[in-house]
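Enquirer: Pasting a predicted model and its sequence here:
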Amino acid sequence: MASSVPSKLLVLDVVRGHLGSIIQAANDPTDNVAVDLIVVPVPPSPLAIRAYEDVIAHLRRRHGNGPRVLPVLSMVDLRRKLHREMVAAHPDWLVIPQASVIERMSVERAPVATFAPRHPAARAFADLWAQVEGCLLEMEGEPMV
C-alpha cells in the first residue's frame, strides 16, 4: 500500500501499561521527545474508558491541545451487550474486533491482511491505518508538541 505520510514517521507499539512511561518522557524537559499522535486502544469497559479519560486529562493539563489522541475500541465482541453499548456511546471511535485471527498475528508474525485479507479484522486495521494517515497528513506542517 502506497503511503503519502511524510517519511519522518516513527511508530511505537507500546505494551499495555507503558503509556505512562512515554507520557513521562514527553514531560521531561531534558528529553528531546516530540509526539504528533497517540493511538490509544481502549477495551470496551467502563474502567478502561475511565482510564482513557484520565490519560486525556493528564495530557491536556500538561500539553494543552496536543498531542492529538486517537482512541480505538479494541477487543470488541458485538455479541456482548456492554460492548454494543460502548460502541454506540462512542460512534466516532474505530472498532477492532475480538478475533482469533488477531491473536494469530503473533504466531504468523505478519499483519492480518497477509494471511486473512477478507476477515473483518483486516478491514478494521486498514481503517485504523487510514485514520492514522489522515491525522498525520492533517498535521503536516503544524508544529509538534
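Expert: On my side now, so go ahead.
Enquirer: Pull up the gap between residue 73 and residue 120, please.
Expert: 14 Å (C-beta to C-beta, to the nearest Å). To be clear about C-beta, it is placed using only N, CA and C from the backbone, and glycine gets the same treatment.
Enquirer: buried set for the longest helix seen in the chain?
Expert: Secondary structure of the chain per DSSP state H: the longest helix is helix 120-139. Buried residues in helix 120-139, counted by 16 or more other C-beta atoms under 10 Å: 121-122, 124-125, 128-129, 131-132, 135-136, 139.
Enquirer: Can you spell out which helices and strands pack onto it?
Expert: Packing partners of helix 120-139 (3 or more C-beta pairs under 8 Å, 6 or more residues apart in numbering; DSSP states H and E): strand 37-42, strand 68-76, strand 94-97, helix 100-108, helix 112-115.
Enquirer: and these as JSON lines, adding mean neighbour count?
Expert: Formatted as JSON lines, the helices and strands packed on helix 120-139 follow (neighbours: other C-beta atoms under 10 Å):
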{"stretch": "strand 37-42", "mean neighbour count": "19"}
{"stretch": "strand 68-76", "mean neighbour count": "19"}
{"stretch": "strand 94-97", "mean neighbour count": "19"}
{"stretch": "helix 100-108", "mean neighbour count": "13"}
{"stretch": "helix 112-115", "mean neighbour count": "16"}
